[in-house]
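# need a structure here:
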Amino acid sequence: MALSAFDDKACPPVERTLEEALGRASGLWCRLKDDLQAAYGPLLEEWSFSGKAYGWSFRLKQKKRVLVYMTPCRAHFLASFALGEKACLAAHAMELPASLLAIIDAAPQYAEGRGVRIPVRSKRDLENVEKVAALKVAH
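Just a heads-up that it's a prediction; the model follows:
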């Protein structure tokens, strides 16, 4: 089973199927896109299929740099970031919940940074994702 709710390469998500998969989280999805566009835009919006294990994900990019990967799941979505070590260290200086810092600290390390995946199910989760986005832009 793919990480995304959409695992068929031939069928990229469309607005209707995305809303069905996300359920109540579809409003959070739209708000995150709108808030990040307003704060850091213009951002390029792009769907990408990353293989059968991951499925379809949505990217918001500043020129060639991906700000956030958004992966639609059933009734929620994942907001994923590649955070460099400076950003990870700066996260501890911010007022972030301990649970979010634990996600950042436990994230696997890659050449481009730590692969941080944050589940978004509530307004509080969304606010935390927006703080991490600001951290990514600053570092």
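
# can you give me the strands in this protein?
44-49, 56-62, 65-72, 77-83, 109-110, 113-120 (DSSP state E).

# now what about stretch 58-70, what contacts it?
Under the contact criterion C-beta atoms under 8 Å, 6 or more residues apart in numbering, stretch 58-70 has outside partners 13, 29, 32-33, 36-37, 40, 43-48, 57, 71-72, 77-82, 129, 133, 136-137. All C-beta atoms are positioned from the backbone trio N, CA, C, and that covers glycine.

# before we move on, what about stretch 79-91?
By C-beta under 8 Å, 6+ apart, the residues outside stretch 79-91 that reach it are 32, 57, 66-71, 100-101, 104-105, 107, 110, 112-118, 120, 129, 132-133, 135-136, 138-139.

# still on that earlier bit, please identify the most buried of the strands of the chain.
strand 77-83 (a mean of 23; mean count of other C-beta atoms under 10 Å).

# strand partners of it, parallel vs antiparallel please.
Strand pairing for strand 77-83, using DSSP bridges, gives strand 65-72 (antiparallel), strand 113-120 (antiparallel).

# Figure out which of those strands is closest to Leu96.
Shortest distance between Leu96 and the strands paired with strand 77-83, using C-beta to C-beta, is found for strand 113-120: 10.7 Å.

# What mean pLDDT does the closest one get?
Per-region confidence: strand 113-120 scores 96 on mean pLDDT.

# May I have that strand as CSV, with CA atoms only?
Output of strand 113-120 as CSV, limited to C-alpha atoms (Å, rounded to 0.1, in the frame of the first residue of the first chain):
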residue,chain,number,x,y,z
GLY,A,113,18.4,17.1,5.1
ARG,A,114,16.1,15.3,7.5
GLY,A,115,12.9,14.0,6.0
VAL,A,116,10.3,15.3,8.4
ARG,A,117,6.7,14.1,7.9
ILE,A,118,4.0,15.8,9.9
PRO,A,119,0.4,14.4,9.9
VAL,A,120,-2.2,17.1,9.6
